[in-house]
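S.K.: Pasting the sequence and the predicted coordinates here, then a few questions.
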Amino acid sequence: MTSMPSTTKTRSKRAAAALLLACVTALDGVPAHADDAAVAVVERTTSGVITILTDQKLSTDEKRKRVEGIVLQSVDFETLSKLVLARNWTRFSEPQRTEFMTLFRNHLSMTYGRNVESYKNEKVTVTGSRAETGGDATVKTKILRGGPGDVMVDYRLRQRDGQWKIIDVIIEGVSLVSNFRSQFQDVVSGGGPEKLLRLLREKNEKGEPLKSS
Amino acid sequence: MRTSPRDRLWAPLLAIAIAIALALAAPLTATAAESDAASAGVDADYDPWQRMNRGIFWFNDRADVYVLEPVAKGWDAVVPERAENSVSNFFTNLRFPVVMANNLLQGKPGAAAIDVGRFMVNSTIGVGGLFDVATLWGLQRHNEDFGQTLGVWGVPPGPYLVLPLLGPSNPRDTAGIPVDYVLSVTPLFLSSYWWTGAGIISIVNARAQVLDEVQQAKSASLDYYVFVRNAYYQRRQALVNDQQDDSGTTPTDDLYDLNAIDDQNSK
């Protein structure tokens, strides 16, 4: 959004009014626009990732490591893991939970880290945001691949210790949390926590070598 | 062949197709909604026909791995990406009557008008639909079909259903297929010979455009069948709710309710 210099004053006045309104509505508990800080987290993360991906000097492996570092900083992985396991979370002992989080994180970074190679100069733009009931925020983005090839990606964020963290990624309407929850639910209800951990371990060990296509 | 005027053929066919669609969708989905919505918790996992579905899914996957994927890989190796996009644009442009009609049936005349504009721009300046100029001009592409229209009318999807060769579906969306076929008009102008050929090219080209994505989905999932089942449910839900809008794009809020989990924890 381009703002003309002459309208800066009115804009700041409006911003002040909006802020006031936001405070009032926040007290009322009425959902308003999402917190700017939440939007900032998504913007910082996506632009950080793109900076790494476009860095010609970095090797693929190095890129993967750095991207993972940035992403993990912005994700509340414990909450994400809880949401994915849902009511099954209670069936996991403390050590099992820890192991699950490690295995699941490795699984994600292995499968999605592969995308580092297929990056083709796509840009990301934030298209909107909204406050969800219960205090979460959703930040809507678009990966620009030229016209109809654009991909809509929404991020769900939750505050933890005063910091906004990503707790779900929703690609073209498909929530990662919901999708993994369905898959893990099947496994855990059939073979308990141990079976899920075993399957994840096996999957990670196989590690399916990277294919450059 | 007798020469019957096309518009006379068209109207009763449409009426019949809609009738069939409604008849198919209504009873199946009504029982589905009653029996399991409460107990399943997650509608995305409602799959009483799982044994049959898994069998068909396995068959479809073999057909893909042994026939479609290799052909699509060959196509992908020969046809440049830009050309693939143009082929995709071309067939999308031909789908214009389906998209427009469904937008009208969903009570979205504005969107239908955009569809008309898109068709006119892309068919002319876009060289017969090969280039999606309309999107560049801000005329947004819509994804509509009769399954979605039924969803907008309040028909629930019903249980998960895998169709031979056609893939993931549900009774509601399956009922939409014959309606969309009639709405597409194109078969009326083309001999089945051309129609079949075009259909094959369209399918191979579409498959070629998602070679990496399918590969990744398979390696990212513990159970590819459940992955697809869940993704199909969520995606269709999002399309029915028209995720372009600001409203209703995200999954239901209870997906994110940790209290529900912790409550069980304390018991």
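M.R.: That came through fine.

S.K.: Please, which helix or strand holds residue B:155?
M.R.: Residue B:155 is part of no helix or strand, with elements assigned from DSSP states H and E.

S.K.: I'd like to know how many residues surround it.
M.R.: 24 (other C-beta atoms under 10 Å in any protein chain shown). Using the backbone N, CA and C atoms, a C-beta is placed for each residue, glycine as well.

S.K.: ok, how many other residues are close to whatever residue of chain A ends up closest to chain B?
M.R.: Residue nearest to chain B within chain A: residue A:173 (2.4 Å; C-beta to the nearest C-beta). Residue neighbour count, defined by other C-beta under 10 Å, stands at 20 for residue A:173.

S.K.: With residue A:184 instead?
M.R.: Neighbour count for residue A:184, taken as other C-beta under 10 Å: 23.

S.K.: That one belongs to a helix, doesn't it?
M.R.: Yes - per DSSP: H, G, I helix; E, B strand; the rest coil, residue A:184 lies within a helix segment.

S.K.: Would you confirm that residue B:257 contacts residue A:134?
M.R.: Yes - under the criterion of C-beta atoms under 8 Å, residue B:257 makes contact with residue A:134 at 7.5 Å.

S.K.: returning to what we had before: gap between the residue of chain A closest to chain B and residue A:52?
M.R.: From residue A:173 across to residue A:52, the span is 28 Å (C-beta to C-beta, to the nearest Å).

S.K.: ditto for residue A:126
M.R.: 19 Å.

S.K.: touching chain A at all, the helix or strand in which residue B:97 is found?
M.R.: Using DSSP H and E, residue B:97 sits in helix B:96-105. No - using C-beta under 8 Å from any C-beta of the partner chain, helix B:96-105 stays clear of chain A, with a minimum separation of 12.6 Å.

S.K.: Please read off the pLDDT at the closest residue to residue A:84 other than its chain neighbours from the model.
M.R.: In this structure, residue A:84 finds its nearest non-sequential neighbour in residue A:180, 4.7 Å apart by C-beta to C-beta, 6 or more residues apart in numbering or on different chains. Listed pLDDT for residue A:180 reads 95.

S.K.: Then the one 3 residues further on?
M.R.: Per-residue confidence at residue A:183 stands at 93 (pLDDT).

S.K.: What's the end-to-end length of stretch B:206-214?
M.R.: Using C-alpha to C-alpha, to the nearest Å, one end of stretch B:206-214 lies 12 Å from the other.

S.K.: What lies in contact with it?
M.R.: A:118, A:213, B:64, B:68-69, B:71-73, B:75-76, B:79, B:84, B:88 (C-beta atoms under 8 Å, 6 or more residues apart in numbering or on different chains).

S.K.: go with 6 Å
M.R.: B:68, B:72, B:75-76, B:84 (C-beta atoms under 6 Å, 6 or more residues apart in numbering or on different chains).

S.K.: quick one: the strands in chain A?
M.R.: Ranges of strands in chain A, per DSSP state E, are A:123-131, A:137-144, A:151-160, A:163-171, A:174-175.

S.K.: hey, which of those is tucked in deepest?
M.R.: Neighbour counts (mean count of other C-beta atoms under 10 Å in any protein chain shown) averaged over each of the strands of chain A peak at strand A:174-175, with a mean of 22.

S.K.: Give me the mean pLDDT for that one.
M.R.: 92.

S.K.: Could you do stretch B:125-145 as well?
M.R.: Here the average pLDDT along stretch B:125-145 is 93.

S.K.: Regarding it, how distant is the last residue from the first?
M.R.: Distance across stretch B:125-145, first residue to last, is 26 Å (C-alpha to C-alpha).

S.K.: ok now that stretch, how far from the chain's centre?
M.R.: Taking the mean of its C-alpha atoms, stretch B:125-145 sits 18 Å from the chain's own mean (C-alpha atoms, centre = their mean, to the nearest Å).

S.K.: and that stretch, is it in reach of chain A?
M.R.: Yes - using C-beta under 6 Å from any C-beta of the partner chain, we find that stretch B:125-145 touches chain A at B:132, B:135, B:141.

S.K.: who in chain A is up against chain B?
M.R.: Counting by C-beta under 6 Å from any C-beta, the residues of chain A that sit close to chain B are A:87, A:89-90, A:111, A:133, A:138, A:147-148, A:173-175, A:178-179, A:182-183, A:186, A:199, A:208.

S.K.: Write the ChimeraX selection for whichever of these are buried.
M.R.: If you want just the buried ones from the residues of chain A next to chain B in ChimeraX, going by 16 or more other C-beta atoms under 10 Å in any protein chain shown, the selection is:
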select /A:89,111,138,147,173,174,175,178,179,182,183,186,199
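
S.K.: that older thread, list the residues that are in contact with both of residue B:257 and residue A:134.
M.R.: With C-beta under 6 Å, 6+ apart as the test, residue B:257 and residue A:134 reach no residue in common.

S.K.: Below-threshold pLDDT in the chain: ranges please.
M.R.: No chain specified, so I'll use chain A. A:1-34, A:146-148, A:207-213 (pLDDT under 70).

S.K.: um, chain B though
M.R.: B:1-42, B:243-253, B:260, B:262-267.

S.K.: what about the strands in it?
M.R.: Going by DSSP E, chain B shows strands at B:161-163, B:167-169.

S.K.: Select, out of the ones you listed, the one closest to residue B:151.
M.R.: Nearest to residue B:151 among the strands of chain B is strand B:167-169; the distance by C-beta to C-beta comes to 12.8 Å.
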